[in-house]
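Colleague: give me a model of this one.
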Amino acid sequence: MKQDLFQYLKQKRYPGRGILLGRSPDGENGVIAYFIMGRSANSRNRVLEETNDGARTKAYDESKMEDPSLIIYNAVAKLGDGRTVVSNGDQTDSVRSAAAAGWTAQQALAARRFEPDDPNWTPRITGVLSPDGSYMLSIIRALDGDPSCCCRAYFEYENPPAGAGQFICTYQDDGSPLPSFTGEPLYVNLPQTGPQELAEALWDSLNEDNRVSVYAAFVNLSTREMKAFIVNGNYLKEAAEKAAAEAESAADNASAAADGPAPAAEETVDG
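Modeller: A predicted model of the protein is given here:
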């Protein structure tokens, strides 16, 4: 049974990073969405930006970036065979390199493990959208938090229905250590008709304290045209602070004008 993804996310304080793949309500577009969240200052110091073939993460303030190893990467990339890959780490490049050599995404991911961030062992999640609208989702995680056992799961969806999708994320919710997502990807409704509508709906569903960025794209299955939209929390905060400063300045100017010019000093003559 399909779930309401947005209600699901509203109940989660920290699902981490998430991938949604599906098909638009009219059946004409493959749908890709990816979001990032962060609890540390370093994780929150990020934005998503479009590239020539997808999107990548980058530092919002380069001077404050500490360790970029697990947080700066290509998140979305087009492959030479018409597929598009999305992931939460540098396995995007692994899949792209494998595709160039004629290998499958599964072959590329077989050489990868979960992230080495003891004690969380953050799962690597990956999705691949094919030109015909079919797609694959994968998760690589430590079994029950045990790093000695690496579990790799792949879920393939052929001829998926319109107006629906599958969603996977890194964590079940907040915790210490963070509990990895388990089970099959969620089967969810996908009523949005464009990337902006979807990105904004996802953004509004994520925890306000921890959300960082959201990317959404619609890929026309006939023309391969990709239309994307990004919401970046750091840019929204910057714009809000600028607007507030401008409003305060305008109020100060209006108050000064209302008070009128200062009275001229009375001239006295000694005599």
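Colleague: wait, isn't residue 222 in contact with residue 29?
Modeller: No. Using Cβ atoms under 8 Å, residue 222 makes no contact with residue 29, being 9.3 Å away. From N, CA and C alone the C-beta is placed, and that goes for glycine too.
Colleague: okay, these two: which has more neighbours?
Modeller: residue 29 (24 against 8; other Cβ atoms under 10 Å).
Colleague: excluding chain neighbours, what is closest to the more buried one?
Modeller: Excluding the flanking residues, the one nearest residue 29 by Cβ to Cβ, 6 or more residues apart in numbering is residue 218, at 4.1 Å.
Colleague: look up how far residue 172 lies from the one you found.
Modeller: According to Cβ to Cβ, to the nearest Å, residue 218 and residue 172 sit 29 Å apart.
Colleague: what of residue 113?
Modeller: Relative to residue 172, residue 113 is positioned 20 Å away (Cβ to Cβ).
Colleague: same thing with residue 88?
Modeller: With Cβ to Cβ as the criterion, residue 88 and residue 172 are 15 Å apart.
Colleague: mind checking which of those two has more residues around it?
Modeller: A count of neighbours by other Cβ under 10 Å puts residue 88 above the other of residue 88 and residue 172, at 29 against 16.
Colleague: name the residues linked to the residue nearest to residue 29 by a beta bridge.
Modeller: Residue 218 has these beta-bridge partners by DSSP bridges: residue 31, residue 227.
Colleague: isn't it up against residue 31?
Modeller: Yes. Residue 218 lies in contact with residue 31 (Cβ under 8 Å); the separation is 5.9 Å.
Colleague: shared neighbours of the two, which are they?
Modeller: The contact sets of residue 218 and residue 31 overlap at residue 24 (Cβ atoms under 8 Å, 6 or more residues apart in numbering).
Colleague: now do the strands in the protein.
Modeller: 18-23, 29-37, 46-51, 54-59, 74-78, 84-87, 124-129, 135-143, 146-157, 164-169, 186-189, 211-220, 226-232 (DSSP state E).
Colleague: so, low pLDDT: which residues of the protein?
Modeller: Filtered on pLDDT under 70, the chain yields the residue ranges 260-271.
Colleague: nothing else from me, thank you.
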